[in-house]
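Asker: the sequence and its predicted three-dimensional model are supplied below.
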Amino acid sequence: MNAINPDKLHHSKWTAVAPTHKEKHFLVTKLLRDEDDNVTDVILEAVLTKRERTLPWRALKDDDTWQTGWQ
């Protein structure tokens, strides 16, 4: 399991273990926060296609789906 500090996710790099639509490398472009200023979700942008996807930041902890950095 990836150890993650949610406040340091902005501009971090991620690699999808099982790429779809040729989208393998991603960059965190935005952190979404709740009313208590806690990070709830992240917006990932695919480097190749510039397509964005939103997911809970805790989903990045799954080693079977995401790897830190660009592999």
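Answerer: Perfect, thanks for sending it. Numbers count the residues shown, from 1 in each chain.
Asker: neighbours of residue 65, how many?
Answerer: Residue 65 has 14 neighbouring residues, counting by other C-beta atoms under 10 Å. Backbone N, C-alpha and C define where each C-beta goes, glycine included.
Asker: touching, it and residue 18? I think so.
Answerer: Yes. If you go by C-beta atoms under 8 Å, residue 65 and residue 18 touch, sitting 7.2 Å apart.
Asker: okay, now the unreliable bits of this structure?
Answerer: 1-2 (pLDDT under 70).
Asker: what helices or strands is the lengthiest strand in the chain leaning on?
Answerer: Criterion DSSP state E: the longest strand present in the chain is strand 23-33. The elements that strand 23-33 packs onto, with contact taken as 3 or more C-beta pairs under 8 Å, 6 or more residues apart in numbering; DSSP states H and E, are strand 13-20, strand 39-46.
Asker: which residues touch the closest residue to residue 65 other than its chain neighbours?
Answerer: In space, residue 65 comes closest to residue 17 once its chain neighbours are excluded; the distance is 5.6 Å by C-beta to C-beta, 6 or more residues apart in numbering. The neighbourhood of residue 17, defined by C-beta atoms under 8 Å, 6 or more residues apart in numbering, consists of 63, 64, 65, 66, 67.
Asker: dig out what the fourth one forms beta bridges with.
Answerer: Residues in a beta bridge with residue 66, per DSSP bridges, are residue 16.
Asker: list the contacts for residue 27?
Answerer: If a contact means C-beta under 8 Å, 6+ apart, then residue 27 has 11, 12, 13, 14, 44, 45, 47 as its contacts.
Asker: report the contact partners of the fourth one.
Answerer: It stands for residue 14. Going by C-beta under 8 Å, 6+ apart, the list of residues near residue 14 reads 25, 26, 27, 28, 44, 60, 66, 67, 68, 69, 70.
Asker: make a PyMOL selection of the buried ones in these.
Answerer: The PyMOL selection below is limited to those of the contacts of residue 14 classed as buried (16 or more other C-beta atoms under 10 Å):
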select buried, resi 25+26+28+44+60+66
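Asker: which residues does the residue lying closest to residue 21 once chain neighbours are set aside contact?
Answerer: Leaving aside its sequence neighbours, residue 21 sits nearest to residue 49 (C-beta to C-beta, 6+ apart; 6.8 Å). Applying C-beta under 8 Å, 6+ apart to residue 49 gives the contacts 21, 22, 23.
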